[in-house]
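A.B. asks: here is a sequence with its predicted model. Questions after.
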Amino acid sequence: MTSPAIPRVSGGASSGVPRGNLPRTFLTALTPMVWGTTYVVTTELLPQGHPLFAGLLRALPAGLIALALTRTLPRGAWWGKAAVLGVLNIGLCFPLLFIAAERLPGGAAATLAAVQPLIVAFLVVAVLREALSVWRLAWGVAGVVGVGLVVIGPDAALDMVGVAAGLASAASMALGVTLTKRWGRPADAGPTAVAGWQLTAGGLFLVPVTFLVEGAPPAIDLPAALGYLWLGLVGGLLAYVLWFRGITTLPVTSVAVLVLLSPLVAAVLGVVLLGQTLGPVQLVGFGLSLAAIVAGQLPAPAAPAKPATP
């Protein structure tokens, strides 16, 4: 199958989100905002000690539902592409992120996940052949610093295995996002079908990993069932359809920086639902992260014109 019928949107140094794409940007931003609810759902509703099982239920049922709704399967080279993207965006990303969360205290795992826009900024040079944007790189660094100020506590200690897993998780999804942009989607497949392919591939990859690491599934009571439904239908099916739709139609570097919304939403929910507080340093970090997200949607300032030589 040949290349996508959707027009590619450049993510180069001078690109930004056109005004006409602001509604699509908002819809795409809903995905990391929904992902930000994962922490409170996991800690308050789900059985403890089974994070991979939660990831499996978030991916595989949602993928199968999408396939049933669209009745569209990959063709030709897209069988391999869908498998690669599903493993990168979901199958590898989930377990690596859970390893980081288990081995790193506080919000260190969230801060490592926030480096994804920085990795994407370099990947677009290698994969999409676009110029390196110093503007987006600088704001990506600012975003990581801001998230770190919000979520890392003063007693945080770094475990090297956890750090490696957190960085590998961010790199896996960053590569998946960039390849999703490069490959787009087939002309006869909508975003729901493509999301279904990837969720199913990632879920199938997680099946043996989950049962080898965690063993038998946990008992599921009513709160857990509601939590798994939220993660699967909203955090899985709806979120990934909006996410992959946004990646194929918006500048990839602009989409990547929206990931910073996830730890910010988690912090807000901690305040609203769990009685946590945000101190002055965290509020500064929150503002810095929001500034990075907004700046990531704007075109880079034009370089000043050189004066003509007499």
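C.D. replies: Cool, the structure landed. Nothing here was measured: the structure is a model prediction, and the numbers come from that model.
A.B. asks: low-scoring pLDDT stretches of the stretch 201-310 of the chain, where are they?
C.D. replies: 302-310 (pLDDT under 70).
A.B. asks: got the residue ranges for the helices in it?
C.D. replies: All helices of the stretch 201-310 of the chain, identified by DSSP state H, counting those that start in this stretch, fall at 222-229, 239-249, 252-257, 261-274, 280-296.
A.B. asks: of all the ones you listed, which one comes closest to residue 192?
C.D. replies: helix 239-249 (5.1 Å; CB to CB). The C-beta positions use only the backbone N, C-alpha and C, and glycine is treated the same way.
A.B. asks: contacting residues around residue 37?
C.D. replies: Shown in contact with residue 37 (CB atoms under 8 Å, 6 or more residues apart in numbering): 230, 235, 265, 266, 269.
A.B. asks: ok, it to residue 88 distance?
C.D. replies: Per CB to CB, to the nearest Å, residue 37 is found 23 Å from residue 88.
A.B. asks: please apply the same query to residue 110.
C.D. replies: Residue 110 is 20 Å from residue 88, by CB to CB.
A.B. asks: who's more crowded, the two?
C.D. replies: The neighbour count for residue 110 versus residue 88, taken as other CB atoms under 10 Å, is higher for residue 110 (26 against 23).
A.B. asks: quick one on the thing from earlier: residue 121: which of the helices of the stretch 201-310 of the chain is closest?
C.D. replies: Closest to residue 121 of the helices of the stretch 201-310 of the chain is helix 252-257 (CB to CB; 5.9 Å).
A.B. asks: output that closest one as PDB, nothing but the C-alphas.
C.D. replies: Output of helix 252-257 as PDB, limited to C-alpha atoms (Å, rounded to 0.1, in the frame of the first residue of the first chain):
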ATOM      1  CA  VAL A 252       4.900  16.600  15.100                       C
ATOM      2  CA  THR A 253       7.100  18.800  17.400                       C
ATOM      3  CA  SER A 254       3.900  20.700  18.400                       C
ATOM      4  CA  VAL A 255       2.100  17.500  19.200                       C
ATOM      5  CA  ALA A 256       5.000  16.100  21.200                       C
ATOM      6  CA  VAL A 257       5.200  19.000  23.600                       C
END
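A.B. asks: perfect, that will be all.
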